[in-house]
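*Asks:* what would the 3D arrangement of this be:
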Amino acid sequence: MPNRSKKPRPSGVVVPLSKRRDNKKDPREVAFDAAFGQRLKNARAQTTYTQQTMAAALGIGYDQYKKYENGSRSFPLYLLRDIAHRLDQPISWLLMG
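*Replies:* Next up, the predicted model:
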C-alpha cells in the first residue's frame with residue numbers, strides 16, 4: 001500500500017464573518033429594521049391588506065410578517081420586489097424612505 005498523507009484537520013473554531021460573537025445586532029441594523037418596518041406598516045395601511053392577508057400573499061407566516069413591521073426581524077431581500085409590487089411603492093422608498 002502506498003503511504004498516503006492525511007488531510008490536515010482544521011484547528012480552532014470557525015466563526016462566520018456575518019455573525020458577531022455576542023449575537024447582538026449592529027445598532028445601525030436595528031435602526032434600519034425599525035425604519036423599514038414603519039414604512040412597511042404605513043404603506044400597507046394605505047391599501048386593503050391586513051397583516052394576515054399580506055403574509056399570505058407573500059407566502060410567509062403571520063408572526064414572521066408581524067416581526068418585519070415591528071422591526072424586530074430583518075426583512076429578506078428576496079421578498080422586496082414582491083412586496084413593493086403589492087404595495088405599489090418603489091423599492092427605493094421602502095429601503096431609504
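
*Asks:* and the gap between the residue most central in space within the chain and A55?
*Replies:* By C-alpha atoms, centre = their mean, the chain has its centre lying nearest to F75, at 2.7 Å. Look at F75 and A55: by C-beta to C-beta, to the nearest Å, they are 13 Å apart. All C-beta atoms are positioned from the backbone trio N, CA, C, and that covers glycine.

*Asks:* do D26 as well
*Replies:* Distance, D26 to A55, by C-beta to C-beta: 27 Å.

*Asks:* more neighbours: those two, which one.
*Replies:* Each of D26 and A55 has its neighbours counted (other C-beta atoms under 10 Å); A55 has more, 18 against 9.

*Asks:* list the buried residues in the strand or helix carrying Y68.
*Replies:* Assigned by DSSP states H and E, Y68 falls within helix 62-70. Neighbour-count burial for helix 62-70, with 16 or more other C-beta atoms under 10 Å as criterion, is recorded at 65-69.

*Asks:* how about those in a markdown table, adding distance to V30 and pLDDT?
*Replies:* Below are those laid out as a markdown table (distance: C-beta to C-beta, whole Å; pLDDT from 0 to 100):
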| residue | distance to V30 | pLDDT |
| --- | --- | --- |
| Y65 | 19 | 95 |
| K66 | 17 | 96 |
| K67 | 13 | 95 |
| Y68 | 14 | 95 |
| E69 | 15 | 94 |
